[in-house]
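A.B. asks: here is the input, now give the coordinates:
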Amino acid sequence: MSNPTAHSSDEFGDLNLSIVGLGVEYPPFSLGSSTLDTLVKRHYPDSPAMQKVLSINKFTGIDSRSAIGTVDHPMANMDRAPTIKELCDVFLSDGVALAVSACRKALEEANLAPTDITHVVSTTCTNSANPGYDHYVCKKLGITQPVEKVLLHGIGCSGGLASLRTAANLALGSSFRGRKARVLVMATEISSLLVRSELDSIHELQETRIGVTLFSDCASACVLSNGIGGPVSEPVYELLGWDHRVIPDTEQDLGFDVDPLGWKVVLSPRVPKFATSVVPETFRDLIANLPSLPPNHREAADFDWALHPGGATILTGVEKTMKISSEHMRASYDTYINHGNSSSATIFSVMDRMRQKDMDALAPGGKVKDYVVGCAFGPGIAIEMCLMKRNLEYVGREMQASGELTPPMTESEVESEGGRSDEEAEGEEVEREIKIVKEKGKELEEKLGRVEEGEGVKLQNGELMGDGKGDVEVEVEVDSLEEALNGVDLD
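C.D. replies: Now for the predicted structure:
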């Protein structure tokens, strides 16, 4: 192994860092777009702002959002929004349980016992307990002293990759000392129960707040190894390098502020432009600092992309800016469509989904890329980016949503199913879903264009109408629709 300290410049040498296990746990419930309509009808009077949010909810491209409860969850149906104390209690119960399950999956794939873990790096933006939730997760897992722990805060949706970057630097510190490092990285978010607090703000302030249309619940984890000492597990991804930067003077554009009723999303219409514009420069600098990359890996399309799916137009925006296809970001689209945006926990879910066989069937030109770019945005506005090399020879059992492990179909099973494997069938379904998301984005852009051309499009009872006519009680001019729609792709 080359000495990581031998490079005096910003270049990355042979770090010998690898992700040897991944685990994702979504809660058992899925909420469709009608859930928000149901809650609004139960608890709030009709208003222009509420109708605008409900209309935007139909254009997110999300089929379902994973949640710890149904539309009838008691915390979402009180005569008031839950307090931050009540939200904390639920997180330390349900959130910790999700995190324990995700960590166990990652440890199992890495063939490690909890006692093999040397460091724990965790993040969340939906809990602020002290001791942090990682304390309770480690206790349930049986991770005891000596172990070094750190809980990262204030980084929102970029938290997963920020935690991986922190874990990498800790592991390199151990490598410098000639010591083993097996770092458990976890991200956990319970966003669904913030719905009443956000709806309160929409009702009281008559603001178009779109966080209620995007966010979901999830816990995810990975294990990072520096390859020193045993046991040595087969890598899922090699971690080759990373980049982190903050866009100056944008801290007011994106945030997640503490409130007596939990946390409030801060979203500026400038975020989409900032987020997509910083990707090319960050990508170029990261590639320039990886001289060991093959010479035919210099353009964005030479890589697969595990992009945090902050929203549909974040996905399409980066796609256009970087001149890549939706197939390059197939796992990001799939995660967004089926689970929504689970903030910091989403990126490891995307990385896990990327290596599944039905995703391989959707690779650009049918050719799977062995190098993968990871990217996420968070408050600051910050961007996290990393480059990984996928182990295409890795043979792992595929995790189903329920957590059960099932082997792939045999050739005889494929023949009995008419020559189409489960992976092929699932891949075709994902391809159809991606097309739907892009069509919704196109439809949205076309309607916005009609507004800009002065065709008098109006928002009526949550639906965009062509001529602004109709016998309805609520009729809202769409003068500020552009600002509202710009928010759809926020972190």
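A.B. asks: buried ones in stretch 278-289?
C.D. replies: Burial within stretch 278-289, assessed by neighbour count using 16 or more other Cβ atoms under 10 Å, is assigned to 278, 279, 282, 283, 286, 287, 289. Where you see a C-beta, it was placed from the backbone N, CA and C, and this is true even at glycine.
A.B. asks: and the next element down the chain from the host helix or strand of the second one?
C.D. replies: Assigned by DSSP states H and E, residue 279 belongs to helix 271-288. Scanning forward in sequence from helix 271-288, with DSSP H and E defining helices and strands, the next element found is strand 304-307.
A.B. asks: verify the contact between residue 354 and residue 327 for me.
C.D. replies: No - here residue 354 does not reach residue 327: they are 11.7 Å apart, not a contact under Cβ atoms under 8 Å.
A.B. asks: so which of these two has more stuff around it?
C.D. replies: residue 354 (27 against 18; other Cβ atoms under 10 Å).
A.B. asks: what residues are up against the nearest residue to the more buried one once chain neighbours are set aside?
C.D. replies: Nearest residue to residue 354 in three dimensions, chain neighbours excluded: residue 331, at 3.9 Å (Cβ to Cβ, 6 or more residues apart in numbering). Applying Cβ atoms under 8 Å, 6 or more residues apart in numbering, we find residue 331 in contact with 304, 306, 350, 351, 353, 354, 356, 359.
A.B. asks: and residue 331, which of the three is it?
C.D. replies: helix (DSSP: H, G, I helix; E, B strand; the rest coil).
A.B. asks: what about it, distance to residue 346?
C.D. replies: According to Cβ to Cβ, to the nearest Å, residue 331 and residue 346 sit 11 Å apart.
A.B. asks: what do you get for residue 33?
C.D. replies: 19 Å.
A.B. asks: between those two, which one's more packed in?
C.D. replies: Using other Cβ under 10 Å, the more surrounded residue of residue 33 and residue 346 is residue 346, with 31 against 16.
A.B. asks: can you point out the helix or strand that includes the more buried one?
C.D. replies: Going by DSSP H and E, residue 346 is in helix 346-354.
A.B. asks: and the helix or strand following that helix, how far from the chain's centre?
C.D. replies: For helix 346-354, the following helix or strand on the C-terminal side (DSSP H and E) is helix 357-360. Per Cα atoms, centre = their mean, to the nearest Å, the displacement of helix 357-360 from the mean C-alpha position of its chain is 19 Å.
A.B. asks: so the helix or strand hosting residue 319 versus helix 271-288, what angle?
C.D. replies: Per DSSP H and E, residue 319 falls inside helix 312-321. Between the axes of helix 312-321 and helix 271-288, defined by axes from the mean of the first three to the mean of the last three Cα atoms, to 10 degrees, the angle is 50 degrees.
A.B. asks: which other helices and strands does helix 312-321 contact?
C.D. replies: helix 271-288, strand 304-307, helix 330-339, helix 422-452 (3 or more Cβ pairs under 8 Å, 6 or more residues apart in numbering; DSSP states H and E).
A.B. asks: average pLDDT across the longest one?
C.D. replies: For helix 422-452, the per-residue pLDDT values average out at 55.
A.B. asks: buried residues in the helix holding residue 319, which are they?
C.D. replies: Buried, per 16+ other Cβ under 10 Å, within helix 312-321: 312, 313, 314, 315, 316, 317, 318, 319, 321.
A.B. asks: tell me the one of those nearest residue 129?
C.D. replies: residue 314 (29.9 Å; Cβ to Cβ).
A.B. asks: just checking, the closest one touches residue 274?
C.D. replies: No - using Cβ under 8 Å, residue 314 is not in contact with residue 274, being 11.0 Å away.
A.B. asks: tell me who's in contact with residue 228.
C.D. replies: 174, 175, 178, 179, 180, 181.
A.B. asks: buried among those residues? Need that as a selection in PyMOL.
C.D. replies: Buried residues within those, by 16+ other Cβ under 10 Å, are selected in PyMOL with:
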select buried, resi 174+175+180+181
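A.B. asks: the contacts of residue 228: which two are farthest apart?
C.D. replies: Of all the pairs that those form, the one spanning the most space (Cβ to Cβ) is 178 and 181, at 10.7 Å.
A.B. asks: tell me the mean pLDDT for the helix or strand harbouring residue 195?
C.D. replies: Following DSSP H and E, one finds residue 195 within helix 195-205. Per-residue pLDDT values across helix 195-205 average out to 93.
A.B. asks: any idea how far it is from the middle of the chain?
C.D. replies: 24 Å.
A.B. asks: by contact count, what packs against that helix?
C.D. replies: helix 34-43, helix 48-57, strand 262-267.
A.B. asks: next, the contact list for the closest residue to residue 49 other than its chain neighbours, please.
C.D. replies: Leaving aside its chain neighbours, residue 49 sits nearest to residue 206 (4.2 Å; criterion: Cβ to Cβ, 6+ apart). Counting by Cβ under 8 Å, 6+ apart, residue 206 touches 47, 48, 49.
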